[in-house]
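Novice: Coordinates for the following, if possible.
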Amino acid sequence: MTRDEVLREVEKVARDHVGFEGRLDPAMRLVEDLRLDSLRLLTLAVEVENRFRICLDEEDEETIATVGDLVDAVRRKLPQPP
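Specialist: Got it, this is the predicted structure:
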């Protein structure tokens, strides 16, 4: 998947599960700009894992501060085509 495709899917997850309205920008900060508290941040992470059938680990969680960081983490976890 391209970065834009992953971003669109993350945007759908954010809309459906944490009530985000509008367009996501990769530079948006998850806590400050999207106003996600710890519960909503966890909900977003779990639903992104479910949507993409991946597992974000502790190392990923430490480096994810923005929407772009989340998109990049998802892309790293997706199976790569041969």
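Novice: lowest-pLDDT helix or strand in the protein?
Specialist: helix 58-63 (a mean of 87; mean pLDDT, DSSP states H and E).
Novice: hmm, who's touching that helix?
Specialist: Ala45, Asp69, Ala73, Arg76, Lys77 (Cβ atoms under 8 Å, 6 or more residues apart in numbering). Backbone N, C-alpha and C define where each C-beta goes, glycine included.
Novice: at 10 Å instead, please
Specialist: Contacts made with helix 58-63 from outside it, assessed by Cβ atoms under 10 Å, 6 or more residues apart in numbering, are listed as Leu41, Leu42, Ala45, Ile54, Asp69, Leu70, Asp72, Ala73, Val74, Arg76, Lys77.
Novice: Can you show me the helices along the protein?
Specialist: With DSSP state H, the ranges of helices along the chain come out as 3-18, 38-52, 58-63, 67-77.
Novice: Tell me which of those sits most buried.
Specialist: Of the helices of the chain, the one with the most neighbours on average (mean count of other Cβ atoms under 10 Å) is helix 67-77, at a mean of 19.
Novice: ok and that one relative to helix 3-18, angle-wise?
Specialist: With axes from the mean of the first three to the mean of the last three Cα atoms, to 10 degrees applied, the angle from helix 67-77 to helix 3-18 works out at 110 degrees.
Novice: Need the pLDDT of the residue nearest the centre of the chain.
Specialist: Of all residues in the chain, the one closest to the mean position by Cα atoms, centre = their mean is Leu70, 4.2 Å from it. pLDDT recorded at Leu70 is 97.
Novice: Could you do Val74 as well?
Specialist: Confidence score, pLDDT, at Val74: 97.
Novice: Next: the one 5 residues further on.
Specialist: At Pro79, the model reports a pLDDT of 87.
Novice: who's in contact with it?
Specialist: So Pro79 contacts Arg53, Ile54 (Cβ under 10 Å, 6+ apart).
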